[in-house]
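Student: Provide a 3D model corresponding to the input given below.
(one chain, ligands or ions: 1)
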Amino acid sequence: MDAIASEPRSLGAGLAEDLIAATDLRFSVAGAAGPVNILRGLDLRIGRGEAVGLVGPSGSGKTSLLMLLAGLEKPSGGALRVADQDLAAMGEDALARFRREHVGIVFQAFHLVPTMTALENVAVPLEFAGRADAFDRAEAALREVGLGHRLGHYPGQLSGGEQQRAALARAVVAEPPLLLADEPTGNLDRGTGAQVMGLIFGLRERLGTTLLLITHDPALAERCGRVVRMEDGLIVEDRERSGGPGR
Ligand SMILES: Nc1ncnc2c1ncn2[C@@H]1O[C@H](COP(=O)(O)OP(=O)(O)OP(=O)(O)O)[C@@H](O)[C@H]1O
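Tutor: Take a look at the predicted model:
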């Protein structure tokens, strides 16, 4: 039986073990008719090692939040700390370094480089980050997701599930503390999606990675230890399961 905590989590001072601490987080973009307020003062804390399912209607701001947490967009207001870094205060170079060192991302579209093999797709970013053993680590990561026999294949020669597994290997090869996944099974059939999710949950458990998983699949969200629901740029529900994999 699930124990549901119906009250939102404490919005007080961040705990030392919080990997993510967003306070009054705001994100606006310029629209034709003036600014569009996408995140409207959102508070969220996620502890190290937690798994969180992020759900909510289309357009509620889930992907925008993920982009801010990844350091791919900058907040328009409020405070955002991820892995002890003040993302709101960082310039482009510092954000690029933050992404390399702290974040892995898996999107619905796989975003592999079509002119590079699976091995190169995983190894090259690691090599850019200065890892001398980039190709060895990339090969190990690809083997872990069951692609040891596809190292030299180009994305166009891989199935959708294989491409997503390669993208997952790329996301976790540097063992980042935070894994962000935006509808990672959205382009896959049910069985292949289940395989990919099994890999994601298995990897995060082995590596102790914090996981934020955006999904429209309630059952998938429930597999996370905690489910956060967004509506209209705010968090409207935040509940935890006792005994879930996220704690
Ligand atoms: N660059 C932009 N310019 C204008 N509007 C934007 C921009 N980026 C996002 N939006 C709008 O902000 C809102 C939130 O978008 P976002 O992609 O974060 O929602 P979402 O909850 O992830 O939706 P979905 O479940 O459909 O992926 C949407 O209404 C979207 O159209």
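Student: what pLDDT does the most centrally placed residue in the chain get?
Tutor: Central residue of the chain (C-alpha atoms, centre = their mean): L180, 0.2 Å from the mean position. With respect to pLDDT, L180 scores 97.
Student: now swap in A3 and tell me
Tutor: Value for A3, per-residue pLDDT: 42.
Student: that older thread, can you confirm the residue nearest to the centre of the chain is in a helix?
Tutor: No. Assessed with DSSP: H, G, I helix; E, B strand; the rest coil, L180 is strand; it does not lie in a helix.
Student: Does it touch L68 like I think?
Tutor: No. The pair L180 / L68 is not scored as a contact, 10.4 Å apart, by C-beta atoms under 8 Å. All C-beta spots, glycine's among them, are computed from the backbone N, C-alpha and C.
Student: partners of the residue nearest to the centre of the chain in the sheet?
Tutor: Counting by DSSP bridges, L180 is bridged to I105, L212.
Student: Now do the longest helix seen in the chain against strand 178-182, angle only.
Tutor: Among the segments of the chain that qualify as a helix by DSSP state H, the longest is helix 190-207. If you take axes from the mean of the first three to the mean of the last three C-alpha atoms, to 10 degrees, helix 190-207 sits at 170 degrees to strand 178-182.
Student: picking that back up, ok, now which ones touch the residue nearest to the centre of the chain?
Tutor: For L180, the contact set (C-beta atoms under 8 Å, 6 or more residues apart in numbering) comprises L66, L69, A70, V103, G104, I105, V106, L212.
Student: And the furthest pair within these?
Tutor: Largest separation among the contacts of L180 by C-beta to C-beta: L69 and V106, giving 13.5 Å.
Student: For this protein, which residues are neighbours of the ligand?
Tutor: Counting by C-beta under 6 Å from any ligand atom, the chain comes close to the ligand at V29, G31, V36, I38, G56, S58, G59, S60, G61, K62, T63, S64.
Student: Out of the contacts of L180, which comes closest to the ligand?
Tutor: L66 (7.6 Å; C-beta to the nearest ligand atom).
Student: That closest one falls within a helix, correct?
Tutor: Yes. Assessed by three-state DSSP, L66 belongs to a helix.
Student: From what I see, it and D182 are in contact.
Tutor: Yes. Using C-beta under 8 Å, L66 is in contact with D182, at 5.5 Å.
Student: joint contacts of the two?
Tutor: Common neighbours of L66 and D182 (C-beta under 8 Å, 6+ apart) are I105, I214.
Student: Check which element follows the helix or strand hosting A219 along the chain.
Tutor: Element membership for A219, per DSSP states H and E: helix 218-223. Going down the chain from helix 218-223, the next helix or strand is strand 226-231, by DSSP H and E.
Student: contacts for that next one?
Tutor: 42, 44, 50-57, 60-62, 65, 221, 235-241, 244, 246-247.
Student: strands paired with it, and their directions?
Tutor: When DSSP bridges is applied, strand 226-231 pairs with strand 51-55 (parallel), strand 234-240 (antiparallel).
Student: Buried deepest among these, which one?
Tutor: strand 51-55 (a mean of 24; mean count of other C-beta atoms under 10 Å).
Student: Give me the below-cutoff pLDDT ranges for the chain.
Tutor: Scanning the chain for pLDDT under 70 picks out the ranges 1-16, 242-247.
Student: Any chance of a markdown table for the contacts of L180, columns neighbour count?
Tutor: Formatted as a markdown table, those follow (neighbours: other C-beta atoms under 10 Å):
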| residue | neighbour count |
| --- | --- |
| L66 | 21 |
| L69 | 25 |
| A70 | 21 |
| V103 | 21 |
| G104 | 26 |
| I105 | 22 |
| V106 | 23 |
| L212 | 27 |
